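S.K.: Next come a sequence and a model predicted from it.
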Amino acid sequence: MNERHDRRGRSPAPGSTTPPTRRTLPPDGPLLFDDPAPPRPAPAPRSLEVRPHEVAPRREPERPRRERERDRERERDRDREPRREPPPPPPLVDNRFAVGPRPRVVPRQFPIEHLDEDALKVIRRLTRAGHLGYLVGGSVRDLLLGRKPKDFDVATSARPHEVKEIFRNCRIIGRRFRLAHILFGSRKVIETATFRRDPGAELEGSELEAGEPSGAEAGDAEPEAFTPLTPRVKPRDEAADLLIRHDNVFGDPHEDALRRDFTINGLFYDIERGEVIDYVGGLRDVEARVVRTIGVPDVRFREDPVRILRAIKFAARCDLGIDPEVYDAMVAQQGELTKAARPRLFEEILRLLRGGAAHRSFWLAWETGVLAVVLPELASFLDDEATETRWVWARLRAVDAKIAAGEIPTDAVLLTALLAGVIDDALDGADHPPSAYEDLMNSITERLAVPRRMKDRIRILVGAQPRLRSGRYAALARREFFAEAFDVYAIDCVARELPVPPPAPAAGAPVAPMEAPHEASSDELPRRRRRRRRARAPQRARTFTV
């Protein structure tokens, strides 16, 4: 049973080495011949190479007994000796300040809940790629002041195209100066900018060279040898145009700090080492809580007049004082604001309203005369010291309270709350109110680039206020602008210390109209114009034909 059989059941002859044959059929006939099976291939010759695992380990000759005893004695003596500490590792080479003057470096740790995890990811990835990456600007200022920053900006030595190669979620924006926007979820953007410099700036005031000790060893105290960097003032004509129009040159960290507007905004923070890097004396001014320009204030404001509004914004929002030289320069150079771009001025006005310190911001602008250049209509209205003037400041305080509660109104609501008194004064007694409103807004648009849709929205919100004050706004609640109109009405109620009614009154429930803030004075009541009823056309007699 164990013998091999061919297909026809025959077993090979005993002692035969030839494999059994196979009976095949020709394609057209019966079985005629036997076809021998193909021979088996000959086995390959065995390689003469000796594999390592087949070689028996070579046994070393045994050493003499004396040598073995001598080695044991040396080991015992070595164990008896006290162990020596290993030499410390060589210090890491810090190449951050290899170029340019040495800054003041102060170790500082911030609460982790005040930092943004996405911004830290961006900096760590830039560092792993061999580039410098720091937190910069307002985020470092707010962290030092104990505030939680709203925005985190990153400055790096990587060029925009290098940043795009590192991050897939990156897009390059900007025509005059290209920036990298790194996108995250919920429309979050981390703005990443390459270090840049002012092409015409020259350094002055730094006596420290590369390689000298910085202020890190002095702790929080500022070293005596440290002198903040300031741009060297070149001899120029007083009437020369210093407005910066070309600022698209890459540079080093100290040049990037030098080109910024204020010292409190020229600080860097290294998250890997937990150090604040100061080239311009910003740490000193943060501790003193003062706003100071980097360089001569008059020159800096002539280079970029919008810095005047930014100084007001930082002083009001961060509760800081203004350096006397900076304050005098703001008053002297306020006329330079007419040279600034209108969209930038409009955006700065909105930032003053959104920052949570609108009352103090516009009070500083009015006191310094800046408001008379940017919004002369509002400035002249406040200069009259009329009865309605105090409601302007009261509405701004109500806006600040609303923002502090976490309710940020829309831009149309903010501008309406700011200009409500001016608009009512312009429309009072006008023969054609729509034309009077257009004339007023066209005058404002000459200095601020107010969009057309914004002007139309403000007109609608102002026109809805009389119906809201009267309490008959049940039908108005179905309109798409009702939410914004009611926000303006609620801000005015809070300013006049009146109760705010519910946004949508219940069906059939009477709504109390808005009361006058002072019943004794009838002049303060809003004057309502009586609508004249149109005379009906005489009806013609009906005729019937039979």
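M.R.: Great, that's in hand.
S.K.: In the stretch 401-546 of the chain, mark out all the helices, start to finish.
M.R.: With DSSP state H, counting those that start in this stretch as the criterion, the stretch 401-546 of the chain has helices at 411-427, 433-445, 452-470, 482-495.
S.K.: so who does Val136 touch?
M.R.: 153-155, 193, 256, 267-269 (Cβ atoms under 8 Å, 6 or more residues apart in numbering). For glycine as for every other residue, the C-beta is placed from the backbone atoms N, C-alpha and C.
S.K.: Most neighbours out of the residues you listed, which is it?
M.R.: In terms of neighbour count, Leu267 stands highest of these at 31 neighbours, by other Cβ atoms under 10 Å.
S.K.: Tell me what that residue is bridged to.
M.R.: Beta bridges link Leu267 to Asp278, judged by DSSP bridges.
S.K.: In contact with it, which residues?
M.R.: Leu267 makes contacts with 136-137, 140-141, 144, 257, 276-278, 282-283, 286, as judged by Cβ under 8 Å, 6+ apart.
S.K.: buried subset of those?
M.R.: Among the contacts of Leu267, those buried by neighbour count (16 or more other Cβ atoms under 10 Å) are 136-137, 140-141, 144, 257, 276-278, 282-283, 286.
S.K.: ok so, going back, let's have the helices of the stretch 401-546 of the chain in CSV, adding distance to Arg74, mean neighbour count and mean pLDDT.
M.R.: Listed next are those as CSV, based on distance: least, Cβ to Cβ, whole Å; neighbours: other Cβ atoms under 10 Å; pLDDT from 0 to 100:
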stretch, distance to Arg74, mean neighbour count, mean pLDDT
helix 411-427, 85, 21, 93
helix 433-445, 95, 15, 92
helix 452-470, 91, 17, 92
helix 482-495, 89, 21, 93
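S.K.: Any idea which of those helices gets closest to Glu377?
M.R.: Nearest to Glu377, of all the helices of the stretch 401-546 of the chain, is helix 411-427, at 5.2 Å by Cβ to Cβ.
S.K.: The closest one packs against which elements?
M.R.: The helices and strands touching helix 411-427, judged by 3 or more Cβ pairs under 8 Å, 6 or more residues apart in numbering; DSSP states H and E, are helix 342-354, helix 358-368, helix 376-383, helix 389-404, helix 433-445, helix 452-470, helix 482-495.
S.K.: Show me the one of those helices that comes nearest Arg171.
M.R.: Of all the helices and strands packed on helix 411-427, the one in closest proximity to Arg171, counting by Cβ to Cβ, is helix 342-354 (21.4 Å).
S.K.: re earlier: JSON lines please, covering the helices and strands packed on helix 411-427 and showing distance to Arg70.
M.R.: Listed next are the helices and strands packed on helix 411-427 as JSON lines, based on distance: least, Cβ to Cβ, whole Å:
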{"stretch": "helix 342-354", "distance to Arg70": "84"}
{"stretch": "helix 358-368", "distance to Arg70": "88"}
{"stretch": "helix 376-383", "distance to Arg70": "100"}
{"stretch": "helix 389-404", "distance to Arg70": "84"}
{"stretch": "helix 433-445", "distance to Arg70": "101"}
{"stretch": "helix 452-470", "distance to Arg70": "96"}
{"stretch": "helix 482-495", "distance to Arg70": "95"}
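S.K.: can you list the domains in this protein?
M.R.: Domain ranges of the chain: 98-304, 341-503, per automatic domain parsing.
S.K.: which ones among the contacts of Leu267 are found in helices?
M.R.: In this view, the contacts of Leu267 that belong to helices under DSSP state H are 140-141, 144, 257, 282-283, 286.
S.K.: Next, format those as TSV and append distance to Ala405.
M.R.: Formatted as TSV, the ones in helices among the contacts of Leu267 follow (distance: Cβ to Cβ, whole Å):
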residue	distance to Ala405
Val140	28
Arg141	25
Leu144	26
Ala257	37
Gly282	32
Leu283	33
Val286	28
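S.K.: With pLDDT and distance to Arg469 added, can I get these in JSON lines?
M.R.: Formatted as JSON lines, these follow (pLDDT from 0 to 100; distance: Cβ to Cβ, whole Å):
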{"residue": "Val140", "pLDDT": "94", "distance to Arg469": "47"}
{"residue": "Arg141", "pLDDT": "94", "distance to Arg469": "43"}
{"residue": "Leu144", "pLDDT": "94", "distance to Arg469": "46"}
{"residue": "Ala257", "pLDDT": "91", "distance to Arg469": "53"}
{"residue": "Gly282", "pLDDT": "93", "distance to Arg469": "49"}
{"residue": "Leu283", "pLDDT": "94", "distance to Arg469": "52"}
{"residue": "Val286", "pLDDT": "94", "distance to Arg469": "46"}
